[in-house]
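**Student:** Whatever this is, show me its structure:
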Amino acid sequence: MRLIIVILLFCSYSHCFSQTKPISVAMGLNYRLYPLDIEDVGYNNVTSKGLPPDDLFFWKSLNLFAEAGLPLKKNWQISFSSYFRYNHMNWEEGKNLQNLSSGKRKEKKNFKCDLFLNVEKLFQVSKKKMHFITTGIGLGITNINSRFDITLQDTLENGSTTSPKRYKGNITHFGPKVDIGYLANKLKFTLTIFVIEGPDLNNLTSLWPGLSVSYLFKKNKK
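**Tutor:** Modelled structure (predicted):
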């Protein structure tokens, strides 16, 4: 439902203004780092409800970035941005401590995406060149298609196995993001901070930072 609301808001705006306003389209790449905890409750008091350990491949990801924007007055813009990736979702088997050298472990990969409705302000830093500092806020959904339900057990060095452990949850999250960037003509560099629930899924807030480089295509009249 939240995803539908975000899309409908942008579509409604596009329908009203696309006949008279130029639409800008940007495409590029976005790379995410591991989320940063900002709520400290002590690790001894928290039991992870998230993905199995070694979840770096889920969080540290390369994304295809695309954005469509409609300009407002005084260097304001409203836009709809999307991030797409195909990467690690979860492990499908536990660790085998008898054969660590093989480096092979079954995993599930899938497509995931983030969708955001944004408001952006541009501040021109040069009168002679089209260079801008950009700031923006967005509201949307991260990690669409990230529900998991698996049971794993590890194999120890002596050949015995640990008790099965079930991992079940959903990493999809509705929340804000903040953008700070620099636009030089048609090339844009952006630092984006996504505000999400932490990887442990314990209702604690984390910041998921990402860096983007994108190209702004020529604006055309509808």
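**Student:** what ranges do the strands span in this protein?
**Tutor:** 24-32, 36-37, 62-71, 76-91, 107-124, 131-144, 147-152, 165-170, 173-184, 187-197, 205-216 (DSSP state E).
**Student:** any weak-confidence spans in the protein?
**Tutor:** Applying pLDDT under 70 to the chain flags the ranges 1-21, 40-46, 100-103, 218-222.
**Student:** quick one: the spatially most distant residue from the centre of it from V213, how far?
**Tutor:** Each residue of the chain has a distance to the centre, and by CA atoms, centre = their mean the biggest one is for N158: 40.6 Å. N158 is 50 Å from V213, where distance means CB to CB, to the nearest Å. (Each C-beta comes from the backbone N, C-alpha and C, glycine too.)
**Student:** what bridges to Y83?
**Tutor:** Under the criterion DSSP bridges, Y83 forms beta bridges with F65, D114.
**Student:** show me what contacts it?
**Tutor:** By CB atoms under 8 Å, 6 or more residues apart in numbering, Y83 lies in contact with 30, 63-65, 113-114.
**Student:** From the residues you listed, keep the buried residues only.
**Tutor:** Listed as buried from the contacts of Y83 are 30, 63, 65, 113-114; burial here means 16 or more other CB atoms under 10 Å.
**Student:** Quick check: the farthest pair among those?
**Tutor:** For the buried ones among the contacts of Y83, the farthest-apart pair by CB to CB is N30 and C113; their separation is 11.6 Å.
**Student:** To K49, which of the strands of the chain lies closest?
**Tutor:** Across the strands of the chain, closest to K49 is strand 165-170 (CB to CB), at 5.8 Å.
**Student:** strand partners of that closest one, parallel vs antiparallel please.
**Tutor:** Neighbouring strands of strand 165-170 in its sheet, by DSSP bridges, are strand 147-152 (antiparallel).
**Student:** Tell me what angle the partner strand forms with strand 107-124.
**Tutor:** 140 degrees (axes from the mean of the first three to the mean of the last three CA atoms, to 10 degrees).
**Student:** Can you give the distance of strand 147-152 from its chain's centre?
**Tutor:** Relative to its chain's centre, strand 147-152 lies at 21 Å (CA atoms, centre = their mean, to the nearest Å).
**Student:** and that strand, which residues are buried?
**Tutor:** Of all the residues in strand 147-152, those buried under the rule 16+ other CB under 10 Å are 148, 150, 152.
**Student:** and if you look at stretch 124-142?
**Tutor:** By 16+ other CB under 10 Å, the buried positions in stretch 124-142 come out as 132, 134, 136, 138-142.
**Student:** likewise stretch 29-39?
**Tutor:** For stretch 29-39, by 16+ other CB under 10 Å, it's 30, 32, 35.
**Student:** Run through the residues that contact the nearest residue to I171 once chain neighbours are set aside.
**Tutor:** Leaving aside its sequence neighbours, I171 sits nearest to S146 (CB to CB, 6 or more residues apart in numbering; 4.1 Å). Contacts for S146 (CB under 8 Å, 6+ apart) come out as 89, 112, 170-172.
**Student:** and the gap between S146 and E93?
**Tutor:** Per CB to CB, S146 is found 20 Å from E93.
**Student:** what does K104 give?
**Tutor:** Per CB to CB, K104 is found 10 Å from E93.
**Student:** Those two: which has the busier surroundings?
**Tutor:** Neighbour totals were compared for K104 and E93, and E93 leads with 15 against 9 (other CB atoms under 10 Å).
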